[in-house]
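**Student:** I would like to see how this sequence folds:
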Amino acid sequence: MAHISRISLDDDLEPLVDEINAASWDEDNGECDYDVPSIAAYLARQDTVFIVCHEESSGRRVFQGMCSGRIELKPYGRERWLHVDEVDVCVDQRLKGVGSRMMRWLIEFAEREGCDEVWLGTEVDNDAANALYRRLEPDDVGDVVGYTWETGD
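**Tutor:** Predicted coordinates:
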């Protein structure tokens, strides 16, 4: 049975970092190297949400995926919204409903926290992610163009 946990600064982050770094990721995630100070800094920011999904299988815990995001406040009308930054499912755990479970958890979390909406973006050619998000029946699928500016080295 899958279990979703919200991670906080009160949790022991060292075993979590080991699990994340040992998980089966595709090339996009494989380039990331997680460490305790980075996750702690992320969690220390106000209104951050970081969840992980595990499954108990044959007496052992299997890491399935993780999501991160932040509750934001718009500069007018005191509207709150949840910006989902990452939805990552381990390669060997895909097509098992892990992404759907985590997204449903985030949507329910946003509702409990008084958010007016949940927002996320993905690449146009990320067929798996787009299929997942469409199955969750969004209220709107917008045409969005993303721009990135890299700074420094």
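**Student:** got the buried residues for the helix ranked longest in the chain?
**Tutor:** Ranked by number of residues, the top helix in the chain under DSSP state H is helix 98-112. Using 16 or more other C-beta atoms under 10 Å as the test for burial, helix 98-112 gives Val98, Gly99, Arg101, Met102, Met103, Trp105, Leu106, Ile107, Phe109, Ala110. For glycine as for every other residue, the C-beta is placed from the backbone atoms N, C-alpha and C.
**Student:** which parts of the protein are strands?
**Tutor:** 2-6, 48-57, 60-73, 80-89, 117-119 (DSSP state E).
**Student:** pLDDT (mean, whole number) over the third one?
**Tutor:** The reference is to strand 60-73. Mean per-residue pLDDT for strand 60-73: 94.
**Student:** direction included, what does that strand pair against?
**Tutor:** strand 48-57 (antiparallel), strand 80-89 (antiparallel) (DSSP bridges).
**Student:** how distant is the last one from the center of its chain?
**Tutor:** Spelled out, that is strand 80-89. 5 Å (C-alpha atoms, centre = their mean, to the nearest Å).
**Student:** got a list of contacts for that strand?
**Tutor:** 25, 29, 49, 64-74, 98-99, 102-103, 106, 109-110, 113-120, 129, 132 (C-beta atoms under 8 Å, 6 or more residues apart in numbering).
**Student:** count the residues that sit near the closest residue to Val124 other than its chain neighbours.
**Tutor:** Among residues not flanking Val124 along the chain, Asn130 sits closest, at 7.7 Å (C-beta to C-beta, 6 or more residues apart in numbering). By the criterion of other C-beta atoms under 10 Å, Asn130 has 14 neighbours.
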